[in-house]
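Student: whatever this is, show me its structure:
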Amino acid sequence: MPKRKKSRPDTNSIAETLRPVLADTYALMAQTHLCHWNVEGPSFFALHAAFEMQYTELFQASDEIAERIRALGDYSPGGLESLARIANMTELPEKATAEKMAASLIENHSKLIKDAAKAREIASEADDKETEDLMIARIQVHEKTVWMLKSFLK
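Tutor: The predicted structure follows:
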């Protein structure tokens, strides 16, 4: 008996799971940029450069995620107020130690891993390989960043 192909999913439900991933990615980008601006101490040069690479990567990722939402036929959320309403990130104060910055970013990357995993599962169930692949790639980036930040804290 031939395999029955899964029907194409309701793309709006997939796009809905990407909205918090996008909002949290943008919020994390802003938090990482804040760390880049305000980091101090003996690790300044290394962290300043690392945070710049991270926020640059997060900005590019937010564009990819937003464009995937559009490719699914939905509209991407935008604007700081709208994104802040959707995002669920712990915000750092302007003045924090390098260690507090790293710990906060670890917490926020870990939340994004969970959000992306949820979106990956929904995309997998719906046989949406493109969204599934995008979420797998995002999880890999966040897991690597968590590892690096945890290594800094040791």
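Student: flag the shaky bits of the protein, pLDDT-wise.
Tutor: For the chain, applying pLDDT under 70 flags the ranges 1-10.
Student: centroid residue for it?
Tutor: Thr25 (3.4 Å; CA atoms, centre = their mean).
Student: spatially nearest residue to it (excluding sequence neighbours)?
Tutor: In space, and not counting its chain neighbours, Thr25 is closest to Ser62: 4.7 Å by CB to CB, 6 or more residues apart in numbering. (Glycine included, C-beta is placed from N, CA and C.)
Student: ramachandran angles for Ala23?
Tutor: Dihedral angles of Ala23 (phi, psi; degrees, to the nearest 10) stand at phi -60, psi -40.
Student: in contact with it, which residues?
Tutor: 77, 83-84, 86-87 (CB atoms under 8 Å, 6 or more residues apart in numbering).
Student: in which helix or strand would I find the residue nearest to the centre of the chain?
Tutor: Assigned by DSSP states H and E, Thr25 falls within helix 11-38.
Student: pull out the buried positions in that helix.
Tutor: 11, 14-15, 17-36, 38 (16 or more other CB atoms under 10 Å).
Student: and for stretch 138-145?
Tutor: Within stretch 138-145, judged by 16+ other CB under 10 Å, the buried ones are 138-139, 141-142, 145.
Student: measure Leu153 to Gly78 for me?
Tutor: 34 Å (CB to CB, to the nearest Å).
Student: between those two, who's got more neighbours?
Tutor: Neighbour count, other CB atoms under 10 Å: between Leu153 and Gly78, Gly78 has more, with 13 against 10.
Student: mind checking the SS state of that one?
Tutor: coil (DSSP: H, G, I helix; E, B strand; the rest coil).
Student: which stretches of this protein form helices?
Tutor: For the chain, the helices defined by DSSP state H occupy 11-38, 44-71, 80-86, 98-125, 129-153.
Student: the nearest residue to Thr97 once chain neighbours are set aside: neighbour count?
Tutor: Leaving aside its chain neighbours, Thr97 sits nearest to Gly41 (7.2 Å; criterion: CB to CB, 6+ apart). Look at Gly41: counted by other CB under 10 Å, it has 9 neighbours.
Student: mind checking how far Gly41 is from Leu92?
Tutor: Taking CB to CB, one finds Gly41 at 15 Å from Leu92.
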